[in-house]
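A.B. asks: Sequence and predicted structure are below.
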Amino acid sequence: MIEFAAWILEATKNRERFPFAGIDPESYAKLKTFDEQDPGYATPIDPLIARFRAEGMKVVLSPDAASGNIYILPAGSDDIENDSLIPRHLLESGIMDGHLKVLVRISKTKKW
């Protein structure tokens, strides 16, 4: 687990860029419903997906390090408030990086 935590810190520090893995269909449906029910709250999911496809994605830790929250942002964004997904939203089968795949798998079994 220490190795995994070190990977998260390193990926965040280096602003490592990963190919966009896609969004889990169930998560997409929930995010789309949220967009329709509360427009303007955050970047709508469809334009956000377009940015992920164009830019790739990166792993970002919450500004409140004690919270332990981890976010996925388009590689060119630092806007956690509007542009973030959480790891469990990603489609695990589309991920090539082993550590990122573990992050997604763990996030689907735990509530962060």
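C.D. replies: Perfect, thanks for sending it.
A.B. asks: wait, is residue 54 part of a strand?
C.D. replies: No. Per DSSP: H, G, I helix; E, B strand; the rest coil, residue 54 lies outside any strand segment and is helix.
A.B. asks: so who does it touch?
C.D. replies: residue 74 (CB atoms under 8 Å, 6 or more residues apart in numbering). The way it works is simple: take the backbone N, C-alpha and C, and place the C-beta from them, glycine included.
A.B. asks: Let me know how buried the nearest residue to residue 25 once chain neighbours are set aside is, in neighbour terms.
C.D. replies: Using CB to CB, 6 or more residues apart in numbering and skipping the chain neighbours, the partner closest in space to residue 25 is residue 91 (8.0 Å). Counted with other CB atoms under 10 Å, the neighbours of residue 91 add up to 15.
A.B. asks: my guess is residue 91 meets residue 23, correct?
C.D. replies: Yes. Assessed by CB atoms under 8 Å, residue 91 is found in contact with residue 23 at 6.0 Å.
A.B. asks: mind checking pLDDT for the residue lying farthest from the centre of the chain?
C.D. replies: Distance from the C-alpha centroid of the chain, by CA atoms, centre = their mean, peaks at residue 37 (21.7 Å). The model reports residue 37 with a pLDDT of 86.
A.B. asks: From residue 31, how far off is it?
C.D. replies: Residue 37 is 11 Å from residue 31, where distance means CB to CB, to the nearest Å.
A.B. asks: repeat for residue 16
C.D. replies: 24 Å.
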